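[1] let's see this in three dimensions:
(one chain, ligands or ions: 1)
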Amino acid sequence: MTKKFALIVLIAASLRAADDAEYTKQIRQFTTGPQFSTELVDHLPASARVPTPLQFLGYIAGAENHLTYAEDVYRYMRALESATPRVKVFSIGNSEEGREMLLVAVSSEQNIASLDRYKDITRRLSDPRKISDDEAARLIADGKALYYATGAMHSPETGSPEMLMELVYRLAVEDTPMIRNIRDNVIFLTTPVLEVDGRDRQVDLARYRLQNPKPPTPPLVYWGHYVAHDNNRDHMGLALALSRNVLRAYFDFHPQVIHDLHESVPFMYISTGTGPYNASLDPIMVDEWHRMAWHEVQEMTRRGVPGVWTWGFYDGWAPNYMFWTGMGHNTIGRFYETFGNRFPSTENRVVRVQSDREWYRTNPPLPTVKWSLRNNVNYQQSGLLLALSDMAERRHHFLEQFYLLGKRSVAKAANEGPAAWVFDGAQKRQGQLRDLMALLRTHGVEVNVADDAFTMKTNWPPPAPATDENKPKEEPKAVNFAKGSYIVRMDQPYSRLADTMLDVQYVRSDEKVYDDTGWTLGYLKNVDFKRVANPDVLKVPMHAWDAPAGEPTPRPATNNADTDFFRAYWADGNSKKPRIALMHTWLRTQDEGWWRLALESMGVPYTYISTQDAAHTPNLREKFDVILFPPTGGSNSSQEIVNGLPPGPPLPWKKTTLTPNLAVDQTDDIRPGLGLAGVENVTRFVEDGGLLITARDTSVWAADYGIARWVRVVPSQKLRAPGTILSAAVSDKKSPIVTGYDETIPLYFSASPIFRVGLTPETPPESRPSGRGTKTDPDVPQGRPFVPLPDRPKPAPGEEGFQPPEDLPGNSDFAMPRPEDRPRVIVAFNKKADQLLMSGMLEGGEELAGKPAVIDAPRGRGHVILFACNPMWRQNTQGSYALVMNAIMNWDHLR
Ligand SMILES: [Zn+2]
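    Just a heads-up that it's a prediction; the model follows:
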């Protein structure tokens, strides 16, 4: 911004008689330079009857040293509701810990008074099958566009609830042409705090830091009750209350844009993403991301605001983000990342690579900056006001596009296909199948049931296009489907959401991906499915599946590796059940949170303990039969699990009057880890007959610390498998761990580790000395008659890695573990590298081919079960839950 322009803006703002002088003064006081603000937010209009945040809370939005608890944000929003007919507050449900979630609507008093009518218009536009184009045109002419912004999904990202209080006030009170236009044409909706449990803990920590400025502040060990950052990866599984509450609110309003407010990269990133973009999305939706993003980049830039950019952050691939609540339902989903300081203090920040100029960042952030919470509030609020103003100018465009996206989704079956996804009703795992159908229905996807058995040429897998005219096309095979088969039609408004969740993903190995690359839910839930391109499937006699969700199922007679069987087992009060502990570290609690959710979804009771508890309990066996040690998600976990955080002043995670919300588990100091005493206690637990179950990095820890003997971690050179679905096979059919499974099991695998079982290093691939002939010819020493070498004896099954030397077995028998002590591979990854990948990305698969996925390592009277994969992930991998549940149920007879 030029000085002259800044001066004009300053004078213009100071001349506005209608401004709240004290509030405006403080906005400027807490903004670290005029270039970090705009004329839209550098002042606050006064009102005789509507309280400002300063009047209500005693401080302005973005004031130094102030963060607001969710409850106080709500009190303020409700005070606005009482003071003006332009604001209305709705409760949209509670968090896991019972804290309320809100939705606040702000618009003109006429629009708010007619909210039900406008909700009805967007609801009717959402299903183009039920209205004509003429009716749609009338609804579009009459309707208002709805913009839904959500704050504080990620709890250390603290600015948005403060900003949203001020924005709602401003939209209700300010009387400029721009704001009036927004009020008349747009209904702004906001959930000011999404992760309400985590928000309150973060405010606790900010208070703690103010009181204890010298020692380090504890990190936010728990955000939500179960997971941290992954609350933005729950859109498919809907395991979390916040996902379900927002989805319900979505279906109540059918907004045209949903916008999440995040804080990370400098100074303001507006989402478009680098690609690969999700392949099921409509191109016009992707184009709209770009149009909106560039519009705001340009508007902010022309106001002289540094560091507003798009493209170079996040990909656009996986459908598991919160804003897919919109994108899966023909609503534009978008997000901001603004620069946050986490705590409400003003900091000197260094911006490294992101201050470089790039084609997508021609006005980059400054390399160093003094940055305040108020700067963050200014950026977020200015961006949103520009977006709302754009929507107000183009109200019809947004409503029309919403209708068009729905129409094009309905046309999918006839255009790009497929026609439907079909799930045979006669398959084994009926519980997992029913739950998948119920999940789709919760997402608003219609599910039908076939009235009778039918046969259909599915065209799956689709035949390769015939390039050679003489070559006959592959004849599609006819497939039989039982009566009661589920049919998910692609001629419905939410076909694209169903399609991306059910389809198989392919990601090129040179792509830079931001999260999981494959998620095919039919694989992850281990159910049979068919992609049916043949449009005849839509003519099959069928009716809407309307069974109530969560209906009780009769106890399944046999274990088909289906969650219903385990639900029935744990609900049955008669049988003697193992006593289970779930052990967490104080380093990271997110991955184990998904395990807690998985156990609770099957009604499995457990005691929640920390590694510190294990360190202080010499006789763990007295209390527990099974200890689950889920992944910690660290990169150097073995040492960290044992050593904990570096020594220093204590970092308490405890409920006190200063920090009343620090909960889930508690300790005086999160620093100490499991310690060697804990390793000893856990080892003794196994030797005394307990079962320890580990996965990914905790499996590496069990191998590194020798609790699981003769299991080695194989270093990887080229394996790339970022959140991928791989094919695995049962190696030991006698193990009760694989009860109910077929020969092959799809497994979710993420990047590492690679294991090998055995006493000896892996034998190098067969080779011959350099010599005459070819690679397979025998070697011929010269000057003597040629004697062919006998073939090396192949080890018997279960003997791999444990063969004594061929020359003199007696030399080494002292070192040979007895057969009953040797680890056994229960499930192994597909032996053929080119058949490993089922969905997602895989590079260097030959390193993983044939390697163990599940190992049973006996020790003393007990066992360690090591998973290389993560069997309980984001409430999507029910297909592998049975591997854990079978192990638990058979804890005392795994041999
Ligand atoms: Zn975030």
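[2] after the strand or helix carrying residue 73 comes which helix or strand?
    In the assignment (DSSP states H and E), residue 73 maps to helix 70-83. Following helix 70-83 in sequence order, the next helix or strand is strand 87-94 (DSSP H and E).
[3] not counting sequence-adjacent ones, nearest residue to residue 536?
    residue 456 (6.6 Å; C-beta to C-beta, 6 or more residues apart in numbering). In short, each C-beta sits where N, CA and C put it, glycine included.
[4] repeat for residue 750
    Computed as C-beta to C-beta, 6+ apart, the closest residue to residue 750 that is not its neighbour in sequence is residue 723, at 4.9 Å.
[5] for the one you found, give me its contacts.
    318, 513, 515-519, 748, 750-751, 840 (C-beta atoms under 8 Å, 6 or more residues apart in numbering).
[6] and the most centrally placed residue in the chain, what is it in contact with?
    Centroid-nearest residue in the chain: residue 233, 1.7 Å away (criterion: C-alpha atoms, centre = their mean). Contacts for residue 233 were tallied using C-beta under 8 Å, 6+ apart; they are 318, 320-321, 515-516, 874.
[7] with those residues in mind, which one is nearest to the ion?
    residue 321 (10.1 Å; C-beta to the ion).
[8] skipping its backbone neighbours, what lies nearest that closest one in space?
    Leaving aside its sequence neighbours, residue 321 sits nearest to residue 232 (C-beta to C-beta, 6+ apart; 5.4 Å).
[9] just for this protein, where's the confidence low?
    For the chain, applying pLDDT under 70 flags the ranges 1-17, 460-475, 549-554, 763-766, 798, 806-807.
[10] so which residue of it lies furthest out from the middle?
    The chain, farthest from centre, C-alpha atoms, centre = their mean: residue 783 at 68.2 Å.
[11] assign that residue to helix, strand or coil.
    Classification of residue 783 by DSSP: H, G, I helix; E, B strand; the rest coil places it in coil.
[12] so who does it touch?
    Under the criterion of C-beta under 8 Å, 6+ apart, residue 783 has no neighbours.
[13] and for residue 191?
    So residue 191 contacts 92, 101-104, 148, 150-151, 246, 249 (C-beta under 8 Å, 6+ apart).
[14] if I look at residue 223, how far off is the ion?
    10 Å (C-beta to the ion, to the nearest Å).
[15] got the phi and psi for that residue?
    Main-chain torsions, residue 223, degrees, to the nearest 10: phi -90, psi -90.
[16] grab the nearest non-local neighbour of the closest residue to the ion within the stretch 251-400 of the chain.
    Closest contact between the stretch 251-400 of the chain and the ion, by C-beta to the ion, is at residue 262 (3.3 Å). Computed as C-beta to C-beta, 6+ apart, the closest residue to residue 262 that is not its neighbour in sequence is residue 337, at 4.8 Å.
[17] for that neighbour, which three-state class applies?
    strand.
[18] could you tell me how many residues sit around whichever residue of the stretch 551-700 of the chain sits closest to the ion?
    Taking C-beta to the ion, the ion has its nearest neighbour within the stretch 551-700 of the chain at residue 590, 13.6 Å off. Residues lying near residue 590 (other C-beta atoms under 10 Å) number 22.
[19] I'd like the distance between it and residue 231.
    As judged by C-beta to C-beta, to the nearest Å, residue 590 and residue 231 stand 9 Å apart.
[20] return the residues of the stretch 51-200 of the chain in contact with the ion.
    154, 157 (C-beta under 5 Å from the ion).
[21] quick one, helices of the stretch 51-200 of the chain?
    53-57, 70-83, 109-113, 115-125, 133-142, 159-173, 177-185, 196-211 (DSSP state H, counting those that start in this stretch).
[22] other SSEs contacting the fifth one?
    Helix 133-142 makes packing contacts with helix 115-125, helix 395-410 when contacts are defined by 3 or more C-beta pairs under 8 Å, 6 or more residues apart in numbering; DSSP states H and E.
[23] pick the most deeply packed of those.
    helix 395-410 (a mean of 21; mean count of other C-beta atoms under 10 Å).
[24] enumerate every residue touching the residue nearest to residue 321.
    Listed by C-beta under 8 Å, 6+ apart, the contact partners of residue 232 are 153-154, 260, 320-322.
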